[in-house]
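Enquirer: everything below, folded, please.
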Amino acid sequence: MAALRQLRTAIPLLLVIAGAAPAWARPQPTPGFSWHGFNSVPGGSVPWNIVVLLTLLTLLPALILSMTPFVRLIVVFHFLRQALGTQTTPSNQILIGLALILTFFLMQPVGAAIYADAILPLDAGHITMAGALDRAIVPLRHFMLKYTREKDLALFVELAREPRPARPEDLGLRIVAPAYLLSELQAGFRIGAALFLPFLVIDLVVAAITTSVGMLQLPPVVISTPLKILLFVVVDGWNLLIGSLMRSFT
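Expert: So this is what the prediction gives:
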């Protein structure tokens with residue numbers, strides 16, 4: 001009898017819960033969140049907008065690093081490691097970390113200009129997101145044009161089939177970014193080739209000496225690698241290399 005009375009008491013409660021279930025199943029608006037895409041077009045799909053935004057955030061580091069001195073620095077560092085004959089020392093993580101720190105050092109004035117011209121007005125509500133992006137591109141484009149060869153700019157203007165502008169500042173980022181990347185690769189390879197030559201001479205001299213004395217079973221790398229490392233340490237190679245790289249951006 002007690003169980004029957006408990007069942008009778010529970011039936012109305014279950015009916016109330018069942019009747020309220022459709023209301024729970026309806027999608028509830030999220031307070032404080034309204035996203036309609038970059039152009040604020042109503043009717044956009046929020047999940048797809050989030051997917052596009054996350055994809056852009058994933059590609060953003062690679063795009064930014066391609067428009068900074070990071071390219072030239074990392075190319076030169078890898079040439080140095082190959083010239084010294086040390087396969088994994090310094091490791092990739094160390095070289096990338098050093099290149100990132102030096103990139104931050106070089107790009108700090110550009111970042112300060114972007115913050116003052118674009119981010120602060122955007123936070124104050126004086127400009128829109130599109131206006132902030134247009135303002136942020138100006139210091140970055142000025143930095144890239146400073147180290148981009150006219151030959152590379154002319155190449156991409158020709159490939160894009162655009163009219164030749166009166167000034168390089170009139171070029172869009174579509175032309176400036178790949179031309180800058182090509183110029184940085186060229187500069188990195190030139191510095192790397194010049195860096196490779198003295199260590200190549202050591203390899204040739206050691207190989208000639210070991211061959212002339214009949215040490216055919218001994219690989220020349222076993223002798224030349226310590227000599228190259230010793231030479232690099234004696235002349236304070238890291239200080240000379242970093243100093244030369246930093247002065248190449250002034």
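
Enquirer: where in the protein is pLDDT low?
Expert: Along the chain, segments meeting pLDDT under 70 span 1-46, 49, 52, 216.

Enquirer: distance check, the most centrally placed residue in the chain against Ala187.
Expert: Note on the chain: the residue nearest the mean C-alpha position is Leu65, at 2.5 Å, using Cα atoms, centre = their mean. Leu65 is 16 Å from Ala187, where distance means Cβ to Cβ, to the nearest Å. Placement of C-beta: from N, CA and C, glycine included.

Enquirer: rewinding a little: and the residue nearest to the centre of the chain, what is it in contact with?
Expert: 71, 103 (Cβ atoms under 8 Å, 6 or more residues apart in numbering).

Enquirer: next one: the one 10 residues further on
Expert: For Val75, the contacting residues are 184-185, 188-189, 191-192, taking Cβ under 8 Å, 6+ apart as the criterion.

Enquirer: just the buried residues of those.
Expert: 184, 188, 191-192 (16 or more other Cβ atoms under 10 Å).

Enquirer: can you name the two of the residues you listed that sit furthest apart?
Expert: Using Cβ to Cβ, the buried ones among the contacts of Val75 span at most 12.2 Å, a distance reached by Glu184 and Gly192.

Enquirer: do you know how far Gly243 is from Leu53?
Expert: In this view, Gly243 and Leu53 are 41 Å apart by Cβ to Cβ.

Enquirer: where do the helices of the chain begin and end?
Expert: In the chain, the helices defined using DSSP state H lie at 2-25, 46-66, 70-84, 92-114, 120-124, 129-146, 150-160, 173-212, 220-234, 237-247.

Enquirer: do you know which of the ones you listed lies nearest Arg167?
Expert: Across these, Arg167 has its closest neighbour in helix 129-146 (9.6 Å, Cβ to Cβ).

Enquirer: which strands or helices does that closest one pack on?
Expert: helix 92-114, helix 120-124, helix 173-212 (3 or more Cβ pairs under 8 Å, 6 or more residues apart in numbering; DSSP states H and E).

Enquirer: single out the most deeply packed of these.
Expert: helix 173-212 (a mean of 16; mean count of other Cβ atoms under 10 Å).
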